[in-house]
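K.L.:
no sequence on this one, just coordinates:
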């Protein structure tokens, strides 16, 4: 077999773009699906034959019985969360692998996360409180613990107890309790019992899949580009690199290993938590988008903020990720609006700009309006779409300088248009 390249699916907005459906659909054509970053703060909801699956850590390829699923070194792994998630499926041995270099996200990380958010009060970032930031902080501070350490729970327990001893004044100030040593050991032994059979050096696995076996490999991240730690709306961002380049570091790949990049966008915009959101609609249109689009977080249940499609941010994110195409999700949610708007530029300091300034809080969107449409829901070919929906899609392609390759017209796997 010849050497193959890994394709990437990447979120282009603030997460929640509908990556789960597309990865699930595409995963039927891939032999291996790999998750590169984030933790159980992310959520994919996938509907197959009317059955709902909620995935937070396991790659979406799990619904393809032939696909191998890999959780890469860039992920922070909550053992309790993944064990619970694994219970949705039978027989994952040989189908799921977890990097021994991924970092553990343990209950004390969530306690730190929630304590910090409480202390910040109205300046809180709006995290999910699941310990993702503190787990990545420990990794960067070189005091974290890797998944591979679960192979020796006694040694790991001793290291965690020592860490608490060294940082006791800090934990006391935050109101985070020191674990009971015997209980901690029992907890870690329970995790080890369930997870050790799945732990391996996943980078070598993925290299072999690409270099020797010629397998088709798909990489998926979590959240979206506008939440990237470097390139997003800092500080209202996640703690990892959510862009396509982050998929390389999160799995041990190099840029030459990458093939096609597909960016996922909604036909409108949403955001969870605090931070700038130029096209947010505070009126009845925003409420309607939330209601029709069922815009509540898979992980938190929080209502998402909703607004119109931001083509300026999408163009930026497409360039940043090197998108070959966009997958436009939830087009059907726009059915029935009299007019549909696209942000084509910003007004900033009295000038019109077509880029993202650092100070995104103070831009005003400049909109172009499009005639609304009825009945795009369930369409399976471009020709079936109403004329004004077709014009809307063509305009998005033109403004963002990226072709639309996939259009989703309902949550069901088959209600998808693949553009030639």
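P.N.:
Happy to help now that I have it. Small disclaimer: the values here were computed from a predicted structure and weren't measured.
K.L.:
For the closest residue to residue 246 other than its chain neighbours, list the residues it contacts.
P.N.:
Leaving aside its sequence neighbours, residue 246 sits nearest to residue 37 (C-beta to C-beta, 6 or more residues apart in numbering; 5.5 Å). (Glycine included, C-beta is placed from N, CA and C.) Counting by C-beta atoms under 8 Å, 6 or more residues apart in numbering, residue 37 touches 72, 74, 75, 221, 222, 240, 241, 242, 246, 247, 250.
K.L.:
same thing but 6 Å
P.N.:
By C-beta atoms under 6 Å, 6 or more residues apart in numbering, the contact set of residue 37 is 74, 221, 240, 246, 250.
K.L.:
Pull the distance from the one helix or strand residue 138 maps to to the chain's centre.
P.N.:
Here residue 138 sits within helix 132-140, counting by DSSP states H and E. The chain centre lies 17 Å from the centre of helix 132-140; the measure is C-alpha atoms, centre = their mean, to the nearest Å.
K.L.:
Which is the succeeding secondary structure element to it?
P.N.:
Counting by DSSP H and E, the element after helix 132-140 in chain order, helix or strand, is helix 153-166.
K.L.:
averaged over its residues, what pLDDT does that following helix have?
P.N.:
For helix 153-166, mean pLDDT rounds to 96.
K.L.:
Need the contact partners of the worst-scoring helix or strand of the chain on mean pLDDT.
P.N.:
For the chain, using mean pLDDT, DSSP states H and E, the weakest element among its helices and strands is strand 44-48, scoring a mean of 74. Strand 44-48 has contacts (C-beta under 6 Å, 6+ apart) with 20, 24, 53, 54, 55, 60, 63, 298, 411.
K.L.:
Filter these down to the buried ones and hand me the PyMOL line.
P.N.:
Selecting only the buried entries of the contacts of strand 44-48 in PyMOL, with 16 or more other C-beta atoms under 10 Å as the criterion:
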select buried, resi 20+24+53+55+60+63+298+411
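K.L.:
I'd like the contacts of strand 44-48 laid out as JSON lines, including pLDDT, distance to residue 100 and secondary structure.
P.N.:
Conversion of the contacts of strand 44-48 to JSON lines gives the following (pLDDT from 0 to 100; distance: C-beta to C-beta, whole Å; DSSP: H, G, I helix; E, B strand; the rest coil):
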{"residue": "20", "pLDDT": "79", "distance to residue 100": "26", "secondary structure": "helix"}
{"residue": "24", "pLDDT": "80", "distance to residue 100": "27", "secondary structure": "helix"}
{"residue": "53", "pLDDT": "81", "distance to residue 100": "26", "secondary structure": "strand"}
{"residue": "54", "pLDDT": "83", "distance to residue 100": "26", "secondary structure": "strand"}
{"residue": "55", "pLDDT": "88", "distance to residue 100": "22", "secondary structure": "strand"}
{"residue": "60", "pLDDT": "85", "distance to residue 100": "23", "secondary structure": "helix"}
{"residue": "63", "pLDDT": "86", "distance to residue 100": "25", "secondary structure": "helix"}
{"residue": "298", "pLDDT": "63", "distance to residue 100": "28", "secondary structure": "coil"}
{"residue": "411", "pLDDT": "88", "distance to residue 100": "36", "secondary structure": "coil"}
